[in-house]
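Enquirer: turn this into a model:
(2 chains)
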Protein chains: 2
Amino acid sequence: MTNPSRAPSTRTTVRTRPERGVYDFRIIEAILDEGLICHVGFVADGQPFAIPTIYARRGRKVVIHGAVGSRMLRAARSGAPLCITVTLPDGLVLARSAFHHSVNYRSVVILGTASEVRNRAQKLAALKALVEHVMPGRWREIRQPSEGELKATTVLAVPISEASAKMRFGPPVDRADDYRRKVWAGEIPLRLATSTPKADPKLLPGIALPNHVKAYIRARSEPDSATSRVDDPARQ
Amino acid sequence: MTNPSRAPSTRTTVRTRPERGVYDFRIIEAILDEGLICHVGFVADGQPFAIPTIYARRGRKVVIHGAVGSRMLRAARSGAPLCITVTLPDGLVLARSAFHHSVNYRSVVILGTASEVRNRAQKLAALKALVEHVMPGRWREIRQPSEGELKATTVLAVPISEASAKMRFGPPVDRADDYRRKVWAGEIPLRLATSTPKADPKLLPGIALPNHVKAYIRARSEPDSATSRVDDPARQ
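Expert: Got it, this is the predicted structure:
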């Protein structure tokens, strides 16, 4: 298939199923903005870890944060190579054969090193971005960080420069002679859904559910099938 | 808090917020069985990666699979250390301060090395486990792998021995003097939800939606708040 964008490095070139690789920043940005958590890949004492955490995109950087002493942030802060991965499972792809079962998904992999955000204004802006990434409209409602809270928090930024997206869309792609099989095939769409908000039992009486909570939905964009086509047998 | 289980190694001891760590196999098992995808942490040419993939639990092992040439499976097959992480985001925790915002989640981290499953019967059983993990009841409906498909697929098994779970449940835990603030606080539950199945446009006429698809729900267990309590300020 035609894929107009180019990988920024050989390390971020999608090698298994290269037709699923996309390097366009607008697509990477949309996936990052829709995701809730990332997994941070790092090495500590020779052991790789993949640890989930909240993140936010600020322009062409991803910011993460955590307690000052955490293993992940200590490894990341030392300038060690990192991998930040965001994965959106979009659907189960049920084929007529086991082999062609698959998952529809969008994912972004960012390779790089982190720099610590020490400047007070920048640090606050990053923490605001983290809160607003999770829930737009929340920051202005809540108490902002105290000096002690700021000191207890490490904020790191990783540039979105060596990055790639990988996606699969659409129905199963079966072996030609399997299409005559009398087995149901198709897709079961998946999404990270919210249920009814539960008020804190300690909530003061008379506080109504604010609009930013009422209107909250996690998924912000529909997968755009125009940006990617699967035209060969598809397997996870 | 009391935590009766013990970590199997110092590397799997939950260090940031140790009260959230659980090492009981039944809890690890329940999280693994509910999850859909894992992220595999591995190192290739000195660079850590965290790559999403489907997995399944078979007893006290996790199996993963993929194309023979994939970077992840080549690294894993060489006996290099791996990290397999499964994360279930259960809810957004909206506190009265930015600092105490959090996420309710259950996660499992498994450290270890993989061995390749070469025995034909074991390999088929692992592939069956992968399909049935994604959708119970599916395997018997579909065409099973051909010899060529088996050869094109690498299956790896990682023992669930050096493993830990980490969880957070419940409402926000705010700073004492923040409880009088007039801001809505609580939890927004999250789950990986399915929508209406979409039939493959190439589906033969007259094939009804099978029961294993109709009855499909992704989440299998409700978080059991009895197994974990958060009794200190909670932050992601």
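Enquirer: what does the lengthiest helix in chain A rub up against?
Expert: Ranked by residue count and defined by DSSP state H, the top helix of chain A is helix A:120-134. For helix A:120-134, the surrounding residues in contact (C-beta atoms under 8 Å, 6 or more residues apart in numbering or on different chains) are A:33, A:36, A:54-58, A:63, A:65, A:117, A:138-139, A:142, A:144-145, A:150, A:153, A:155, A:157, B:92, B:98, B:101, B:103. Every residue, glycine included, has its C-beta placed from N, CA and C.
Enquirer: what's opposite the residue nearest the centre of chain A in the beta bridge?
Expert: Per C-alpha atoms, centre = their mean, the C-alpha nearest to the average position across chain A is that of residue A:86, at 2.7 Å. Residues in a beta bridge with residue A:86, per DSSP bridges, are residue A:108.
Enquirer: report pLDDT for it.
Expert: On pLDDT, residue A:86 comes in at 98.
Enquirer: so it makes contact with residue A:33?
Expert: No: contact criterion C-beta atoms under 8 Å: residue A:86 and residue A:33 do not qualify, at 9.6 Å.
Enquirer: now residue A:66: which helix or strand?
Expert: Using DSSP states H and E, residue A:66 falls within strand A:61-67.
Enquirer: buried sites along that strand?
Expert: Neighbour counts over strand A:61-67 (16 or more other C-beta atoms under 10 Å in any protein chain shown) mark A:61, A:62, A:63, A:64, A:65, A:66 as buried.
Enquirer: check those residues one by one and keep those near chain B.
Expert: On the criterion C-beta under 8 Å from any C-beta of the partner chain, residue A:66 are the entries of these that sit beside chain B.
Enquirer: any idea which of the buried residues of strand A:61-67 is least confident?
Expert: Ranked by pLDDT, the buried residues of strand A:61-67 bottom out at residue A:66 (88).
Enquirer: that one is in contact with residue A:53, isn't it?
Expert: Yes: between residue A:66 and residue A:53 there is a contact at 6.5 Å, judged by C-beta under 8 Å.
Enquirer: the helix or strand of chain A with the lowest mean pLDDT near chain B at all?
Expert: Taking mean pLDDT, DSSP states H and E as the measure, the helix or strand of chain A with the lowest value is strand A:21-22, at a mean of 79. No: using C-beta under 8 Å from any C-beta, strand A:21-22 never reaches chain B; the gap is at least 12.8 Å.
Enquirer: and the helix or strand following that strand, which residues are buried?
Expert: For strand A:21-22, the succeeding helix or strand toward the C-terminus, using DSSP H and E, is helix A:25-34. Neighbour counts over helix A:25-34 (16+ other C-beta under 10 Å) mark A:25, A:27, A:28, A:29, A:30, A:31, A:32, A:34 as buried.
Enquirer: mind checking how far residue A:11 is from chain B?
Expert: Plainly put, residue A:11 is 6 Å away from chain B if you go by C-beta to the nearest C-beta, to the nearest Å.
Enquirer: quick check: which element contains the residue of chain A most remote from its centre?
Expert: Taking C-alpha atoms, centre = their mean, the residue of chain A most remote from its mean C-alpha position is residue A:180, at 37.9 Å. Using DSSP H and E, residue A:180 falls within no helix or strand.
Enquirer: for the closest residue to it other than its chain neighbours, which residues are in contact?
Expert: Of all residues not flanking residue A:180 in the chain, residue B:204 sits nearest, at 7.0 Å (C-beta to C-beta, 6 or more residues apart in numbering or on different chains). By C-beta under 8 Å, 6+ apart, the residues touching residue B:204 are A:179, A:180, A:181, A:182.
Enquirer: would you mind measuring from the third one to residue B:197?
Expert: Read it as residue A:181. 17 Å (C-beta to C-beta, to the nearest Å).
Enquirer: over to the second one?
Expert: Using C-beta to C-beta, one obtains 21 Å as the distance from residue A:180 to residue B:197.
Enquirer: where does residue A:177 land in three-state SS?
Expert: Put simply, residue A:177 is helix when judged by DSSP: H, G, I helix; E, B strand; the rest coil.
Enquirer: what's the least confident helix or strand of chain A packed up against?
Expert: Here strand A:21-22 touches strand A:162-168, going by 3 or more C-beta pairs under 8 Å, 6 or more residues apart in numbering or on different chains; DSSP states H and E.
Enquirer: export the helix or strand just after the strand it packs on as CSV, just CAs?
Expert: The helix or strand immediately downstream of strand A:162-168 is strand A:186-194, counting by DSSP H and E. The C-alpha coordinates for strand A:186-194 follow below in CSV (Å, rounded to 0.1, in the frame of the first residue of the first chain):
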residue,chain,number,x,y,z
GLY,A,186,-16.9,-9.5,11.7
GLU,A,187,-15.8,-7.0,14.3
ILE,A,188,-16.8,-6.3,17.8
PRO,A,189,-16.0,-2.6,18.5
LEU,A,190,-14.3,-1.8,21.8
ARG,A,191,-14.0,1.5,23.6
LEU,A,192,-13.0,2.7,27.0
ALA,A,193,-16.5,3.6,28.4
THR,A,194,-17.5,5.6,31.4
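Enquirer: give me the sheet partners of whichever helix or strand comes after strand A:186-194 and which way each runs.
Expert: Note on strand A:186-194: by DSSP H and E, the next helix or strand toward the C-terminus is strand A:198-199. Take DSSP bridges as the rule and strand A:198-199 pairs in its sheet with strand B:186-194 (antiparallel).
Enquirer: for chain A, which spans come out with low pLDDT?
Expert: Chain A contains residues with pLDDT under 70 at A:1-5, A:219-236.
Enquirer: could you rerun that using 80?
Expert: Filtered on pLDDT under 80, chain A yields the residue ranges A:1-6, A:15-21, A:69, A:217-236.
Enquirer: got phi/psi on the closest residue to residue A:70 other than its chain neighbours?
Expert: Distances taken as C-beta to C-beta, 6+ apart place residue B:16 nearest to residue A:70, at 4.3 Å, with adjacent residues excluded. The phi/psi pair for residue B:16 (degrees, to the nearest 10) reads phi -80, psi 120.
Enquirer: all set, thanks.
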